[in-house]
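Q: Just need the structure, nothing else, for what follows:
(one chain, ligands or ions: 2)
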Amino acid sequence: MFAHNKRLQYTVRVSETNPGLANLMLEQFGGPQGELAAACRYFTQALSEDDPGRKDMLFDIATEELSHLEVIGNIVVMLNKGAKGRLAEGVEEEAEIYRSITGAGNDSHLTQVLYGGGAPLVNSAGVPWSAAYIDTIGEPTADLRSNIAAEARAKIVYERLINLTSDPGVKEALGFLMTREIAHQKSFEKALYAISPNFPPGKAAGDPRFASVYYNLSRGPGEERGPWNQGEKWDFVSDPDEQLNVDGKGGDATVELGSEESAVVAQMAVRTASAQTGDPLTGAELGMGPGGTDAEKVAAAKEPPPSA
Ligand code: MN
Ligand code: MN
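A: Ligands and ions are numbered 1, 2, ... in the order given. So this is what the prediction gives:
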């Protein structure tokens with residue numbers, strides 16, 4: 001079960017109304033790297049997890065992400081609160097309110113006019129939150145890697161948000177949220193390496209003929225090598241002839257069809273066969289008028305008639 005605590009996980013002290021900044025903060029409320037996406041990602045993984053340690057961790061982190069959602073949501077509504085009051089009560093000249101929600105790069109008209117200064121589940125561009133943000137596949141060696149990457153992205157978005165606000169209270173709360181994503185990334189890394197072996201993800205081993213091959217497939221100057229394709233662990237293949245038909249069975253595609261399927265495929269081939277001789281007249285040529293493709297005659301046909 002869930003219970004709500006009336007105190008936030010981290011204090012939110014906003015120093016002044018700033019609807020434009022509130023709008024940017026929505027990225028971590030209803031955006032792809034945001035807290036709702038994180039909470040739903042770990043909650044759904046926890047439900048189906050059988051390992052007791054990982055299950056417990058996933059529920060703990062999912063619950064913390066919901067607590068982060070509450071913190072970032074409060075930052076949004078505090079930044080909007082003054083503007084919301086002004087708009088709702090209509091206490092100013094229309095032009096003055098208009099300027100306050102749209103002026104000076106303050107792109108907050110959507111959140112103000114449509115959402116009334118609340119905390120809508122949209123990203124900073126107004127795109128509605130989507131479950132498609134969650135890429136869980138139900139295999140811990142794949143999901144933990146995805147979780148690590150998700151925490152890394154969330155950390156980067158917080159870092160960018162911190163860099164664009166001078167409000168010390170907002171900076172501080174964002175710093176906490178950013179730091180917790182670092183801690184989550186560390187837990188997911190440990191949980192991944194607590195599974196041994198964890199690579200390649202899943203159970204099936206790769207084909208050893210291809211598992212350590214690097215195909216050098218881009219032609220042109222400026223070839224750079226690095227540990228991702230050089231050294232004892234890599235077979236670096238540059239010869240174009242060795243990059244195709246790598247299994248040696250011909251490199252073509254075939255399918256075995258029954259006699260009924262073969263017959264209709266042949267029938268379609270006859271119906272759609274292209275003639276390789278002759279020169280059929282087309283609509284494009286008819287449209288060119290007298291002269292057809294003869295450039296001089298076409299030009300003559302377009303000449304205005306001589307005046308009488
Ligand atoms: Mn979080
Ligand atoms: Mn997190």
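
Q: CA only for contacts and neighbour counts going forward, please
A: Fine.

Q: show me where the stretch 151-300 of the chain has strands.
A: Using DSSP state E, counting those that start in this stretch, the strands found in the stretch 151-300 of the chain span residues 213-215, 235-237.

Q: Output these in JSON lines; the columns should cover distance to I72, mean pLDDT and mean neighbour count.
A: Conversion of those to JSON lines gives the following (distance: least, CA to CA, whole Å; pLDDT from 0 to 100; neighbours: other CA atoms under 10 Å):
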{"stretch": "strand 213-215", "distance to I72": "44", "mean pLDDT": "97", "mean neighbour count": "16"}
{"stretch": "strand 235-237", "distance to I72": "48", "mean pLDDT": "97", "mean neighbour count": "16"}
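
Q: In CSV: the ones you listed, plus distance to F176.
A: Rendered in CSV, the data for those read as follows (distance: least, CA to CA, whole Å):
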stretch, distance to F176
strand 213-215, 41
strand 235-237, 45
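
Q: Out of those, the one nearest P306 is which?
A: Each of these has some distance to P306 by CA to CA; the shortest is strand 213-215, at 68.1 Å.

Q: Name the residues that touch that closest one?
A: Identification of contacts with strand 213-215 by CA atoms under 8 Å, 6 or more residues apart in numbering yields 229, 234-238, 243.

Q: 10 Å instead, please
A: Around strand 213-215, the neighbours that count as contacts under CA atoms under 10 Å, 6 or more residues apart in numbering are 228-230, 233-240, 242-244.

Q: Please, a PyMOL command that selects the buried ones among those residues?
A: Here is the PyMOL command that selects only those of the contacts of strand 213-215 that count as buried (16 or more other CA atoms under 10 Å):
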select buried, resi 229+235+236
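
Q: Stretch 286-303: how far from the chain's middle?
A: The chain centroid and the centroid of stretch 286-303 are separated by 52 Å under CA atoms, centre = their mean, to the nearest Å.

Q: Revised request: answer the last question for stretch 232-247.
A: If you compare the mean C-alpha spot of stretch 232-247 with that of the full chain, they lie 32 Å apart, counting by CA atoms, centre = their mean.

Q: Stretch 72-83 too?
A: Averaging C-alpha positions (CA atoms, centre = their mean) puts stretch 72-83 26 Å from its chain's average.

Q: In that stretch, which residues are buried?
A: Of the residues in stretch 72-83, 72-81, 83 count as buried by neighbour count, 16+ other CA under 10 Å.

Q: In TSV, list those residues along with distance to A149 and pLDDT.
A: Formatted as TSV, the entries for the buried residues of stretch 72-83 read as follows, by distance: CA to CA, whole Å; pLDDT from 0 to 100:
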residue	distance to A149	pLDDT
I72	21	98
G73	23	97
N74	26	97
I75	25	97
V76	25	95
V77	29	94
M78	30	95
L79	29	92
N80	31	89
K81	34	88
A83	36	76
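
Q: what about the stretch 151-300 of the chain, any weak spots by pLDDT?
A: Confidence mapping of the stretch 151-300 of the chain against pLDDT under 70 gives the ranges 291-293, 298.

Q: so where do the helices sit in it?
A: Taking DSSP state H, counting those that start in this stretch as the test, the helices found in the stretch 151-300 of the chain are 168-193, 240-243, 259-271, 283-287, 295-302.

Q: so what does the longest one touch, helix or strand wise?
A: Applying 3 or more CA pairs under 10 Å, 6 or more residues apart in numbering; DSSP states H and E, we find helix 168-193 packed against helix 19-25, helix 52-89, helix 140-163.

Q: make it 7 Å
A: Under the contact criterion of 3 or more CA pairs under 7 Å, 6 or more residues apart in numbering; DSSP states H and E, the helices and strands touching helix 168-193 comprise helix 140-163.

Q: what helices or strands is the helix it packs on leaning on?
A: Packed against helix 140-163 by the contact rule (3+ CA pairs under 7 Å, 6+ apart) you find helix 168-193.

Q: tell me the angle the helix it packs on makes with helix 52-89.
A: Following axes from the mean of the first three to the mean of the last three CA atoms, to 10 degrees, one obtains 160 degrees for the angle between helix 168-193 and helix 52-89.

Q: buried ones in helix 168-193?
A: Along helix 168-193, these residues count as buried under the neighbour rule (16+ other CA under 10 Å): 169-178, 180-182, 184-185, 187-188, 191-192.

Q: Next, format the helices of the stretch 151-300 of the chain as JSON lines and append distance to P221.
A: Compiled in JSON lines, these are given as follows (distance: least, CA to CA, whole Å):
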{"stretch": "helix 168-193", "distance to P221": "38"}
{"stretch": "helix 240-243", "distance to P221": "16"}
{"stretch": "helix 259-271", "distance to P221": "44"}
{"stretch": "helix 283-287", "distance to P221": "43"}
{"stretch": "helix 295-302", "distance to P221": "43"}
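
Q: E159 is nearest to which of those?
A: Here helix 168-193 is closest among the helices of the stretch 151-300 of the chain (CA to CA), at 6.9 Å.
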